[in-house]
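# Give the three-dimensional model of this entry:
(chains A, B and C)
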Amino acid sequence: MFIALRYVADGVVATELDDEAKRPRMSVVRPDDLASWVAEREAATPRWVWDDTAHWYPPLLAEGARIERALDLRLCRRILRHATATARTALATAPADEWDAPAPVRGASDALFELEPVTAAPDPVAELRNQRTAIETAESPGRLNLLLAAESVGALAAAEMRHAGLPWDADRHAAILTELLGPRPLPGARPAHMEAVLAQIRALLDDPELNPDSPAELLRGLQRAGLPLTSTRSWELKEIEHPAIAPLLEYKRLARLLTANGWNWLDQWVSEGRFRPSYVPGGVVTGRWATDGGGALQLPKQVRGAVIADPGWTFVVADAAQLEPRVLAAMSGDAAMARAGRATDLYQGMVDAGAVETRTQAKYGMLGAIYGGTTGESGRMRPRIERAFPVAMRFVEDAARAGEAGRVVSTWLGRSSPHRTAGTYDEGTSEADARRSRTEAAAWGRFTRNFVVQGTAAEWALCWIGALRRRLWELGPEGAGAAERPHLVFFLHDELIVHTPVEFAPLAAEAMRAAAADAGRLLFGGAPVEFALSVSIVENYADAR
DNA sequence: ACCGTCGGCGCC
DNA sequence: AAAGGGCGCCGACGGT
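Model prediction:
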């Protein structure tokens, strides 16, 4: 059963539909009654259908209405519009309409429903039917349906995680800052430890006015001191022997902490003991999530010590070990690679299989194969990786060749890559332009090579989240509200954090592993690939792993 | 004062 | 011959 929600002038129209999206039964619900109405209908676990989870779900959560299944029509539309599998359908070939536009900004998302739209909201029932028609005529409707369900459940989880918040000890964070940077300075001033390091740098470079915050000026200052540099990137600095380099690298480290996760960040993003980032499901072309403020997906290790569980609670932190190589093994059907992954550590498994000598070689070689790297260690390992895992390597090579030729590639479940925008250079004009044209094609090939793996890994992660949130909900305690149950609080591409009452931690850890196995089965059926997790139960995120 | 781009670096 | 994928965010900078 589906229930589609849509705003009208004086309420919400809820349309119940059967599994074929037929036999509509409409009712009008007052916005104030919506949460209790949804909670009551949720007993039948319908699939709620709406235009934008980030708009509909937070107010429901605020009222204590948790739902199990949804379809986010806007997210689904974006996938179906670009998917090769639905390219010839009416949905994909029609001119752009309001469903293709970004979701309108509609007031503070955590506020209760405000009466809506000046213009009528688009009809979700019509869009649902259009989408279903497109999927039915696609080559592999099962996979697309799974993708749309996974994308939508991700949006539910994103809203739930923002609602719950990541426990964050602001005092502990401030203490970390004070220890590394010195006391909080006045606005615009440098913290004491940065000033001290800067004084050293200026003295060692004999440049008393040097402003290291300006890359251009810093580069000139370093060159004036005779250092052979073309940029001020830290990896380039590390290649050079000079007494000013060590303090300069330290300055950059501190400056980064200050600007990205310093006191201003703390003021802006942490309140009442919670960090509430705003996730953007599907925000990355590959299907990974993005964030929209708060930088949750770049949370540096330096400040993870501030992530402390509530009293009587703890964290279960799980990280999918070598997710992308495992996904590649499964989607390419490379049995040798799957065997290497049977060891908990896939890279160690590669060593044990005799493909390479050391774990480091395995890691760099594998990542190079997925990213298209050819230099350094990954380039040196390439022939061995190709010999050991020819099936997997042919798979990513095919994706690269497709991209170079301007073709679209797709993930396992059918999310397709964007079309390559016309090359800047015309290979017919000159030798130099021809070379630049080949460089551009090669760069796009690296993108498509990575797209199929990163995108499929993102699909696995969505399935993992979906399976986990269902399993966690079933853990109980019976009849408890969402705030008393084990629940997801953080997601980082291949890592999840559950905040749980201490007594549920072992069960939550087991649910993590079971959900990872669910995700593998959902995507790849009986493929002999194991998705190993490293799981730790810790009160402080910094202690994970 | 505001806006878009760039250099640099954090995460995966 | 050479070739590392995806992001977000900050301050600086150069333009209007």
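# Show me the strands in chain A, by range?
For chain A, applying DSSP state E gives strands covering A:2-8, A:11-17, A:25-29, A:47-50, A:69-72, A:166-167, A:270-271, A:274-275, A:279-280, A:290-291, A:313-320, A:487-491, A:495-501, A:533-538.
# Would you single out the least confident of these?
By mean pLDDT, the lowest-scoring of these turns out to be strand A:290-291, with a mean of 87.
# what packs against that one?
Contacts defined by 3 or more CB pairs under 8 Å, 6 or more residues apart in numbering; DSSP states H and E place strand A:290-291 against strand A:279-280. Every residue, glycine included, has its C-beta placed from N, CA and C.
# Please see if the strand it packs on touches DNA strand B.
No. Legend: contact between strand A:279-280 and DNA strand B by CB under 7 Å from any atom of the strand is lacking; minimum distance shown is 13.6 Å.
# so how far is that strand off the chain centroid?
Strand A:279-280 sits 8 Å away from the centroid of its parent chain (CA atoms, centre = their mean, to the nearest Å).
# What is it packed up against?
Using 3+ CB pairs under 8 Å, 6+ apart: strand A:279-280 touches helix A:141-164, strand A:290-291.
# Direction included, what does it pair up with?
strand A:290-291 (antiparallel) (DSSP bridges).
# Most tightly packed of the helices and strands packed on strand A:279-280?
Most buried of those by mean neighbour count (mean count of other CB atoms under 10 Å) is helix A:141-164; its value is a mean of 22.
# tell me which strands and helices it is in contact with?
Taking 3+ CB pairs under 8 Å, 6+ apart as the contact cut, helix A:141-164 packs with helix A:53-62, strand A:69-72, helix A:73-82, helix A:124-136, strand A:279-280, helix A:431-475, strand A:487-491.
# rewinding a little: of the helices and strands packed on strand A:279-280, which shows the lowest average pLDDT?
strand A:290-291 (a mean of 87).
# near DNA strand C, anything from that strand?
Yes. Using CB under 7 Å from any atom of the strand, strand A:290-291 reaches DNA strand C at A:290, A:291.
# what sits up against that strand?
A:277, A:278, A:279, A:280, A:283, A:284, A:297 (CB atoms under 8 Å, 6 or more residues apart in numbering).
# give me that answer again for 6 Å
Strand A:290-291 has contacts (CB atoms under 6 Å, 6 or more residues apart in numbering) with A:277, A:279, A:280, A:283, A:284, A:297.
# and the residue nearest to the first one when sequence neighbours are not counted, how far is that from residue A:499?
It stands for residue A:277. Once flanking residues are discounted, residue A:277 sits nearest to residue A:296: 3.3 Å by CB to CB, 6 or more residues apart in numbering. Using CB to CB, to the nearest Å, we find residue A:296 at a distance of 15 Å from residue A:499.
# Do you know the pLDDT at the residue in the stretch 1-150 of chain A positioned nearest to DNA strand C?
The stretch 1-150 of chain A approaches DNA strand C most closely through residue A:102 (12.7 Å), counting by CB to the nearest atom of the strand. The model reports residue A:102 with a pLDDT of 78.
# And the one 5 residues further on, by the same measure?
Residue A:107 carries a pLDDT value of 51.
# likewise residue A:85?
At residue A:85, pLDDT is 95.
# who's in contact with the nearest residue to it once chain neighbours are set aside?
Of all residues not flanking residue A:85 in the chain, residue A:138 sits nearest, at 4.2 Å (CB to CB, 6+ apart). Contacts for residue A:138 were tallied using CB under 6 Å, 6+ apart; they are A:85, A:86, A:144.
# now swap in residue A:392 and tell me
Neighbours of residue A:392 in contact, by CB under 6 Å, 6+ apart: A:328, A:332, A:334, A:337.
# Can you say which of those residues are buried?
With neighbours counted by 16 or more other CB atoms under 10 Å, the contacts of residue A:392 contain buried members at A:328, A:332, A:334, A:337.
# ok, the second one touching residue A:389?
The one in question is residue A:332. No. Using CB atoms under 6 Å, residue A:332 is not in contact with residue A:389; the gap is 8.3 Å.
# can you redo the helices and strands packed on strand A:279-280 as a markdown table with distance to residue A:417?
Putting the helices and strands packed on strand A:279-280 into a markdown table (distance: least, CB to CB, whole Å) gives the following:
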| stretch | distance to residue A:417 |
| --- | --- |
| helix A:141-164 | 14 |
| strand A:290-291 | 17 |
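# Sweet, I'm off.
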